[in-house]
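Enquirer: structure, please.
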Amino acid sequence: MTPDAKPGMSRAQAAIIRNAILTLCIVSLAFIFQPFSVTLFGIGMAAVVVGGLAFNLIPLCEPGKPLSAVIRAAVIVVVVLFIVIGLAIGSAELYGIYLRR
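Expert: Take a look at the predicted model:
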């Protein structure tokens, strides 16, 4: 590696990640608004959540930023998602117990 070379992602790698996230968001919206299939609608609903969370990674998709930073941020987003899902399911269970009394 030469001293002038920037460590991290190249311009092409950053563009591929950014464009993949944007494509996921656009395709998920197309699946939601299509009038033909309920299955595609369900896939679109799940994909829009994933795309919305993945959209948080767009600021990290810059040339020169290390790929490990993008991966680390993605792991943090997924962990927070699972914590929120756990809290939501737990509170729904507790509410069900409350209503049974």
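Enquirer: from here on, contacts and neighbour counts on C-alpha atoms
Expert: Will do.
Enquirer: how much space is there between the closest residue to residue 7 other than its chain neighbours and residue 8?
Expert: Spatial nearest neighbour of residue 7, excluding adjacent residues (C-alpha to C-alpha, 6 or more residues apart in numbering): residue 64 at 5.8 Å. Residue 64 sits 5 Å away from residue 8, going by C-alpha to C-alpha, to the nearest Å.
Enquirer: what's the answer for residue 88, then?
Expert: Using C-alpha to C-alpha, residue 88 is found at 37 Å from residue 8.
Enquirer: for the two, indicate the residue with more neighbours.
Expert: For residue 88 and residue 8, the more surrounded residue by other C-alpha atoms under 10 Å is residue 8, and the numbers stand at 16 against 12.
Enquirer: which residues does the nearest residue to the more buried one once chain neighbours are set aside contact?
Expert: Excluding its sequence neighbours, the residue lying closest to residue 8 (C-alpha to C-alpha, 6+ apart) is residue 66, at 3.9 Å. Contacts here follow C-alpha atoms under 8 Å, 6 or more residues apart in numbering; on that basis residue 66 touches 7-9.
Enquirer: residue 43 now?
Expert: By C-alpha under 8 Å, 6+ apart, the contact set of residue 43 is 28, 31.
Enquirer: let's verify residue 64: helix, strand, or coil?
Expert: Put simply, residue 64 is coil when judged by DSSP: H, G, I helix; E, B strand; the rest coil.
Enquirer: in this structure it contacts residue 10, no?
Expert: Yes. Contact criterion C-alpha atoms under 8 Å: residue 64 and residue 10 qualify, at 6.3 Å.
Enquirer: how many residues are close by residue 82?
Expert: Residue 82: 12 neighbours (other C-alpha under 10 Å).
Enquirer: residue 47 versus that one, what's the distance?
Expert: Shown here: residue 82 relative to residue 47, a distance of 16 Å by C-alpha to C-alpha.
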